[in-house]
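> A predicted structure for the sequence below; I have some questions about it.
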Amino acid sequence: MPPGRRVALLILLTAVYFIAGRFGLSLAYVHQSATAVWPPTGIAIAAGLLAGAGRGGVWPAVLLGAFLVNLSISGAVLASLLIAGGNTAEMLIAVWLVRRLAGGTAAFRETSGVLLFTASVMAAAAVAATVGVAALLLDGRVPLSAPAMVWMTWWAGDVAGALLVASPILTWATAPRVRSGSAAILEAILLIATIFAASYWVFGPTFPGARAYPLMFVVLPFQLWGALRFGSRGAATAVLVTAAIATAGTLEGYGPFARVNRNESLLLLQAYLCVKMVVMLSLAAEGEGRQAVERAMRQLNEELARRVEARTEELQRLHIRLVEAQAVAHIGSWEWDVGADTVWWSDEMYRVYGLQVGSPVTYDRYISLVHPDDRARVQEIVGRSAQTGEPFTFEHRALTAAGDVRVLHSRGRVVTDAQGRAIRMLGVGHDVTDLKRAEEERLELVREQAARREAEEASRMKDHFLATLSHELRTPMNAILGWAQMLKDHAPDETLRQRAVDAIHRNVKVQAQLVSDILDVARIRSGTLSVDARPVAAGAIVAAALDILRPMIEAKQQEVTVHVREDAVVLADARRLQQVFWNVLSNATKFAPQGGHIVVHAAASGNAIEFAVEDDGPGIEESFLPHVFDQFRQADSSNTREHGGLGLGLAISRNLVELHGGTITAANRPRGGAVFTIRIPAATLEKSTA
């Protein structure tokens, strides 16, 4: 608070305290400094609670006002100063206790606060009364026979002032407004008027007032009216109006509390009024509490209603979105109450099965809609899931009401009771008919594309094969024609003639091999190629194949190392197995470099003999390895390739080995070159000679 404003407040409070004190001491009948009506206590306590009591608070104004009012009555400086100190201590103690125990300015909002406020001011008033009486005794102004009555009057006046004056000030300054509007104002005016009239009728110069009839309860309904309709503010105001009229009337000798001794009359009246104030404030607090609870409940109900409405709208939107999403995705949801045998379907499930939405469905009805070929499987899956409690997933065909066949993918789970018995099943059904149809169409398209690619590849390979065949046949044929023409046109010497015969013989053998390979491929494709497997010596087969290739090997000055034991016997067709080794060794001879090295070795492997043919050539490209045994496939397929051939030898070799019940594989050696591994079933030498 700004200093100037605080000074103005202290001056105003001092003046009000002084005026109220002079009024109160004007009603002092037991002693000039002790009165049963002391409003300054209520003013001081209210000011202390509202503006602060201690440091920086209103205590200087209370101290100065109490000193001045007592000094103006008694003229005794020391006694007035002591009494002022007691009144100031009373205010400080009351404010501290009320803040500590009763909730401060909110004391009148609860019944407990009202009672604790009353107890606090009663305790503080005892301090002021004790200090005041002690000051009077020290000053010698109170007879020794009367201090008890002076103390009682002093204490009662302070308590009454605190309850009857502080309560209206605090409630009007802090209590929330209960009602507003013109109707409430008219009701308040009517309430004050009726309280005034009732109080005047009981305590004024009326027939019952003059005869001191005990009709003090007549004002009770109107005070209840104020408490229940206007809260603590109305209760305090109603009792204060009654107190003003009752005090004036009692001093004039009217009303049920009028006695010969005016101080006694005021004490009785103040006790009545204080009790009325406490009761009315307590009722008002209960009423306000109930109204606050009702307001909170109404607000809570309104909030809950808004939330429920908003949540309902949200759920409706979500339901609409779910229905739309299910319709778009062709997914429906379902739930089966096993005990009641009732099935709930979403709208999409009804659409899938072609039924009217909302029509009753049972498990038997559902089974009747399942395709006859799938019913047993569906019942078996559902029954097993009901027994085990495990979720299930399956596809089945369904017959709609219109007789159409749909394909559904169903998923579900089981809800069991405490004993593990199935009580409910719930899940979804996905209409995958269109997906299945699209998948079949896609697969058909894939098959057509694959067949087209195969046809195109076959056509390309056929064209390539024909071109290669033409080239491979023309090359030896040109050599044969050339040497034959030379023999026809000239009479060569014996050396040249022998050379021509050898060349013609060699090229005829090449053409014969080409024709033989073509015939073998034809037999393989027609399934007429067969082998006559008998026990034969593997070393002899390898040696025979090498003998055929000897001229080529010697021409390239290659070294061939063979590690095949003489007792190695295989169960094979000797001619066909020799053809296999000839193809593999011919391949090694072609790709091994000039002066290269070829190794053939064999080893027993279980019930078979495993041969390995290695060369130190360039090896096989990794991308070509998976296709090395395919027909018409060569790593270099151009017409200008270095090595000739139709690309049939290795393909024929694989078929021949498989006809023997063996296997043939190709790989690259880590140190360079290729290795072909041939596995042929083993036989015993005894069987060979039998």
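Looks like it arrived, so ask away. Numbers count the residues shown, from 1 in each chain.

> would you mind giving the domain segments of the protein?
As assigned by automatic domain parsing, the chain contains the domains 1-174, 178-328, 330-431, 446-523, 530-689.

> most packed of those?
Stretch with highest mean neighbour count among those: domain 1-174 (a mean of 20; mean count of other CB atoms under 10 Å). To be clear about C-beta, it is placed using only N, CA and C from the backbone, and glycine gets the same treatment.

> that older thread, export the domains of the chain as TSV, with columns for distance to Glu440 and mean pLDDT.
TSV is the format used below for the domains of the chain (distance: least, CB to CB, whole Å; pLDDT from 0 to 100):
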stretch	distance to Glu440	mean pLDDT
domain 1-174	79	91
domain 178-328	22	90
domain 330-431	11	87
domain 446-523	10	70
domain 530-689	30	82
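
> looking at these, spot the one closest to Arg437.
domain 330-431 (8.7 Å; CB to CB).

> I'd like the distance from that closest one to the chain centre, please.
Its chain's C-alpha centre and that of domain 330-431 lie 30 Å apart, by CA atoms, centre = their mean, to the nearest Å.

> how far does it stretch from one end to the other?
End-to-end distance for domain 330-431: 5 Å, by CA to CA, to the nearest Å.

> ditto for stretch 651-666
End-to-end span of stretch 651-666 (CA to CA): 12 Å.

> just give me the residue closest to the centre of this structure.
With distances taken as CA atoms, centre = their mean, Leu318 lies nearest the centre of the chain, 17.8 Å away.

> for Glu324, see how far away it is.
Leu318 sits 11 Å away from Glu324, going by CB to CB, to the nearest Å.

> contacts only, for Val386.
No, residue 386 isn't Val; it's Ala. Under the criterion of CB atoms under 8 Å, 6 or more residues apart in numbering, the contact list for Ala386 reads Val338, Val414, Ala422, Met425.

> restricted to strands, list those residues.
The strands, defined by DSSP state E, take in Val414, Ala422, Met425 from the contacts of Ala386.

> need those residues in CSV (columns: distance to Leu170).
Shown next, in CSV, are these (distance: CB to CB, whole Å):
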residue, distance to Leu170
Val414, 68
Ala422, 69
Met425, 68
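
> farthest pair in the contacts of Ala386?
Using CB to CB, the contacts of Ala386 span at most 8.9 Å, a distance reached by Val338 and Val414.

> overlap in contacts of these two?
What both Val338 and Val414 touch, as defined by CB under 8 Å, 6+ apart, is the set Ala386, Ala422, Arg424, Met425.

> isn't Ala574 right up against Ile541?
Yes - at 6.2 Å, Ala574 and Ile541 qualify as touching, with contact defined as CB atoms under 8 Å.

> would you map the strands across the stretch 401-550 of the chain?
Taking DSSP state E, counting those that start in this stretch as the criterion, the stretch 401-550 of the chain carries its strands at 405-416, 422-431, 534-537.

> any chance of these in a markdown table with distance to Pro60 as columns?
Listed next are these as a markdown table, based on distance: least, CB to CB, whole Å:
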| stretch | distance to Pro60 |
| --- | --- |
| strand 405-416 | 78 |
| strand 422-431 | 80 |
| strand 534-537 | 135 |
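
> quick one: the helices in the stretch 51-200 of the chain, in order.
Listed in chain order, the helices of the stretch 51-200 of the chain (DSSP state H, counting those that start in this stretch) span residues 59-74, 77-97, 111-139, 147-161, 167-174, 182-203.
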